[in-house]
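Novice: Please find the sequence and the predicted model below.
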Amino acid sequence: MWNNATTPFFHFEDYFSTYGHKEPQKENHISATFAPGCLEKPFFAWLAGQPGYFGRFIKGMEMIERETRVSERYDFGWLVEKAEREEGERAVFVDFGWGKGHAIVAIREEFPELPVKRFVLEDRPETIEAVEREGVKGLEGVCPFFALVLI
């Protein structure tokens, strides 16, 4: 359900009148935090305090990955060969934010020979906790990593 008070595009005119037509210069003072009047907070700090909105945000990220899978946009076949040649612990893929590891799941489905222990899911603590709590299928054995500051 849309809420005009917190939906950024309803406030674009005021936002651009205030900051001009340019890229945000900080991690706060962005249209997503301008709309609800929380300019002092970075987007993810604001989002963490909005459980309903956070849930919808994550579902939106899941939908984007389902519709435009990263494994279909980019050929990771070369990575299989490289990972086989270069054994070790070095990560072969880091999924950095914006969902619950669905890029990793898609890549592993298409390239199961890539070693799971060399995938890293890096995100905010609340997202990693949700992944661990829900037990997202396909992320078993993936290294979770908390990133405390994400823009």
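Specialist: Looks like it came in fine. Since the structure is predicted, the reported quantities are computational estimates derived from the model, not experimental observations.
Novice: any idea which helix or strand carries the closest residue in space to residue 70 that isn't next to it in sequence?
Specialist: Leaving out its chain neighbours, the residue that sits closest to residue 70 by C-beta to C-beta, 6 or more residues apart in numbering is residue 103, at 4.4 Å. Backbone N, C-alpha and C define where each C-beta goes, glycine included. Using DSSP states H and E, residue 103 maps to helix 102-110.
Novice: Identify each buried residue in that helix, please.
Specialist: Using 16 or more other C-beta atoms under 10 Å as the test for burial, helix 102-110 gives 102, 103, 104, 105, 106, 107, 108, 110.
Novice: count of neighbours near the residue lying closest to the fourth one once chain neighbours are set aside?
Specialist: The spatial neighbour of residue 105 that comes closest, neighbours along the chain excluded (C-beta to C-beta, 6+ apart), is residue 138 at 3.6 Å. Residues within reach of residue 138, counting by other C-beta atoms under 10 Å, total 16.
Novice: Surely residue 138 is within a helix?
Specialist: No. Counting by DSSP: H, G, I helix; E, B strand; the rest coil, residue 138 is not part of a helix but coil.
Novice: ok, now how distant is it from residue 41?
Specialist: Note on residue 138: its distance to residue 41, by C-beta to C-beta, to the nearest Å, is 32 Å.
Novice: wait, doesn't the residue nearest to residue 105 sit right on residue 103?
Specialist: No. Counting by C-beta atoms under 8 Å, residue 138 does not reach residue 103; the two are 10.6 Å apart.
Novice: so what secondary structure elements neighbour the helix or strand that the helix holding residue 103 is followed by?
Specialist: Toward the C-terminus, helix 102-110 is succeeded by strand 119-123 as the next helix or strand (DSSP H and E). Contacts defined by 3 or more C-beta pairs under 8 Å, 6 or more residues apart in numbering; DSSP states H and E place strand 119-123 against strand 93-96, helix 102-110, helix 125-134, strand 143-146.
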